[in-house]
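Trainee: Need coordinates for the following:
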Amino acid sequence: MSFARFIAKRIYANTDEKRQISRPAIRIALAGIIIGMAVMIISIAVVMGFKSEVSSKVVGFGSHIQVLSLTQGDDYELLPVLTTDSLERIIRKQPEVKDVQRFATKMGMLKTKDDFRGIQFKGIDSGYDLSFFRQYLKQGEIPSFSSEEATNQLLVSQRIASDLQLQAGDKVYAYFVNEKGMRARRFTVCGIYETHLTEYDRNVVMTDIYTIRKLNNWDSEMSTGFEITINDFDRVDDVTQALGNKINKVYDKNGCLYGVFSIRQLAPHIFSWLGVLDMNVIMILVLMICVASFTVMSGLLIVMLERINMIGILKSLGATNSTVRQVFINFSIMLVGRGMLWGNLIGLAFCFLQSQFHLIRLDPSVYYLDAVPIRFDWLLFLLVNAITLIVSFLVIFGSSYMMSISRPAQTMRFE
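Mentor: This is a model prediction of the structure:
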């Protein structure tokens, strides 16, 4: 063990209660580092959790990318596009594309004996990936949708079911308006799901694409568009642009323009809100690192002042400024290391407990989630620890230069 490290360990382990200033200062500095590290870890985990959970819910309703018509009809609904097999093959040739699914929509009204509700009916077929809705299924079962025949089955949200007092298995009438007048259909509520994504839960029900096409008087090749799932959501903008270069502003044989849109373009308000969270995290990280650095620097300076006579003795015995600095650098490293260790343990323990037991609840009507979400990103955690270490080292190294201005003859008489 080096001489500087030996002296630093003695100073760190000293519990002399006569030193009424340095011990509380050390405890405050240690607490500042622990709290700063814990808050930074928790902040990152919570924000990453929010972004992941909310994004996955929006994507569950609208996929990553949609191919739609750029042409609007007289009733303010988008005109259908031809979703042919040849166009699907063009989309699937894009390397990042994972899956392509057709869908069709129709505005209508659900009516019970006591109430009614304007709803968007979304038609899908048997090949549609319904794993997202299975995850949030509350009652009943996922219907079997078809593009070949009418199943007259509905998958509705808990919000709609509560408003209209529906249960799984109930019958409900739906009314639609087109150029031929009013048309009615009787549906069976097969399943009820709850995602807490209010904007979608209160406005969308799922049924088979065959029924929607018949109500719209479309043939089997006509749909509202394609929903495209890709392998990496972080590349959604690049894939959208690449598909847009091939499809955008191309006319189908019915005279409708194709357009390619990412989910970020279709739900900009939600993703803008999620983007603001990144700035909040950056501000929290900067503030916590500043607080931890200030407490370390103030604690170190207090210990130096209280040990000023010891510094004078060491210099009179031949210790250089570099050796004295090494003593207090080692002391600070012990302090920072212990604080970071406990901060990491507390932060990770909280994240684990929250992810397993959902201790802190949220209002889903405001936050789209019923509990604070947690997502572990070990790369970011390591990066935060590395940045904290670097900043702490710079503060410690800069503060230790205070030793170079002391003179042995004066400091030995200091009390």
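
Trainee: Could you check the pLDDT of Phe376?
Mentor: At Phe376, the predicted lDDT confidence score is 87.

Trainee: Which helix or which strand is home to it?
Mentor: Counting by DSSP states H and E, Phe376 is held by no secondary-structure element, helix or strand.

Trainee: can you pull the contacts of it?
Mentor: Phe376 makes contact with 45, 351, 355, according to Cβ atoms under 8 Å, 6 or more residues apart in numbering. Bear in mind the C-beta positions are built from the backbone N, C-alpha and C, glycine included.

Trainee: Next secondary structure after the helix or strand hosting Ile41?
Mentor: Counting by DSSP H and E, the element that carries Ile41 is helix 22-62. Once helix 22-62 ends, the next helix or strand along the chain (criterion: DSSP H and E) is strand 65-69.

Trainee: Outside of the next helix or strand along the chain from that next one itself, list whatever touches it.
Mentor: Secondary structure here is assigned by DSSP H and E; on that basis, the next helix or strand after strand 65-69 toward the C-terminus is strand 81-82. For strand 81-82, contacts defined as Cβ under 8 Å, 6+ apart pick out 67-69, 221-225, 252-254, 256, 258.

Trainee: Going through the residues you listed, which ones are buried?
Mentor: 67-69, 221-225, 252, 256, 258 (16 or more other Cβ atoms under 10 Å).

Trainee: what's the farthest-apart pair in the residues you listed?
Mentor: Greatest spacing in those, by Cβ to Cβ: Leu68 and Glu221 (15.6 Å).

Trainee: quick check: angle from the helix holding Ile41 to strand 65-69?
Mentor: Comparing the axes of helix 22-62 and strand 65-69 via axes from the mean of the first three to the mean of the last three Cα atoms, to 10 degrees yields an angle of 40 degrees.

Trainee: And helix 22-62, what does it pack against?
Mentor: In this structure, helix 22-62 packs against helix 131-135, helix 198-201, helix 263-266, helix 268-306, helix 321-357, helix 378-400, with contacts taken as 3 or more Cβ pairs under 8 Å, 6 or more residues apart in numbering; DSSP states H and E.

Trainee: Which segments of this protein make up each domain?
Mentor: For the chain, the domain assignment from automatic domain parsing gives the residue ranges 3-56+270-411, 71-256.

Trainee: right, and the ones you listed - which one's nearest Ser63?
Mentor: domain 71-256 (3.6 Å).

Trainee: Just the mean pLDDT for the closest one, thanks.
Mentor: Per-residue pLDDT over domain 71-256 has a mean of 92.

Trainee: Please identify the pairing partners of the lengthiest strand in the chain and their relative orientation?
Mentor: Scanning the chain for the strand with the most residues, using DSSP state E, yields strand 97-111. Note on strand 97-111: by DSSP bridges, its sheet partners are strand 116-124 (antiparallel), strand 171-178 (antiparallel), strand 225-230 (antiparallel).

Trainee: ok, residues contacting the first one?
Mentor: In other words, strand 116-124. Where contact means Cβ under 8 Å, 6+ apart, the residues beyond strand 116-124 that reach it are 101-111, 130, 145, 160, 163-164, 174, 176, 203-213.

Trainee: Tell me the gap between that strand and the middle of its chain.
Mentor: Its chain's C-alpha centre and that of strand 116-124 lie 29 Å apart, by Cα atoms, centre = their mean, to the nearest Å.

Trainee: can you check the last one too?
Mentor: On the basis of Cα atoms, centre = their mean, the separation between the geometric centre of strand 225-230 and that of its chain is 22 Å.

Trainee: now do the second one
Mentor: Using Cα atoms, centre = their mean, we find the averaged C-alpha position of strand 171-178 to lie 38 Å away from the chain's own average C-alpha position.

Trainee: Tell me the most packed of the contacts of Phe376, by neighbour count.
Mentor: In terms of neighbours by other Cβ atoms under 10 Å, the contacts of Phe376 top out with Ala45 at 25 neighbours.

Trainee: which residues touch that one?
Mentor: 347, 351, 374-377.

Trainee: tell me the contacts of Arg134?
Mentor: Contacts of Arg134 by Cβ under 8 Å, 6+ apart are Ile142.

Trainee: Adding distance to Leu30, write the helices and strands packed on helix 22-62 out as JSON lines.
Mentor: Rendered in JSON lines, the data for the helices and strands packed on helix 22-62 read as follows (distance: least, Cβ to Cβ, whole Å):
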{"stretch": "helix 131-135", "distance to Leu30": "43"}
{"stretch": "helix 198-201", "distance to Leu30": "44"}
{"stretch": "helix 263-266", "distance to Leu30": "44"}
{"stretch": "helix 268-306", "distance to Leu30": "8"}
{"stretch": "helix 321-357", "distance to Leu30": "5"}
{"stretch": "helix 378-400", "distance to Leu30": "13"}
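
Trainee: between the ones you listed, which one is nearest to Val59?
Mentor: Going by Cβ to Cβ, the one of those nearest Val59 is helix 263-266, 5.8 Å.

Trainee: Contacts for that closest one, please.
Mentor: Residues from elsewhere that reach helix 263-266, judged by Cβ under 8 Å, 6+ apart: 58-59, 62-66, 236-237, 240, 271.

Trainee: Tell me the most packed of these, by neighbour count.
Mentor: Sorting the contacts of helix 263-266 by how many neighbours each has (other Cβ under 10 Å) puts Ile65 first, at 30 neighbours.

Trainee: Setting aside sequence neighbours, what's the nearest residue to it?
Mentor: Using Cβ to Cβ, 6 or more residues apart in numbering and skipping residues adjacent in sequence, the residue nearest Ile65 is Ile228, 4.1 Å away.

Trainee: Can you get me a residue count around the one you found?
Mentor: By the other Cβ under 10 Å criterion, the neighbourhood of Ile228 contains 27 residues.

Trainee: State the distance from it to Gln153.
Mentor: When Cβ to Cβ, to the nearest Å is the yardstick, Ile228 and Gln153 sit 25 Å from each other.

Trainee: what do you get for Leu359?
Mentor: For Leu359, the distance to Gln153 (Cβ to Cβ) stands at 38 Å.

Trainee: Which residue of the two possesses the greater neighbour count?
Mentor: When Leu359 and Gln153 are compared on other Cβ under 10 Å, the one with more neighbours turns out to be Gln153, at 21 against 11.

Trainee: does the closest residue to that one other than its chain neighbours count as helix, strand or coil?
Mentor: Computed as Cβ to Cβ, 6+ apart, the closest residue to Gln153 that is not its neighbour in sequence is Pro143, at 3.7 Å. Of the three states, Pro143 takes coil under DSSP: H, G, I helix; E, B strand; the rest coil.
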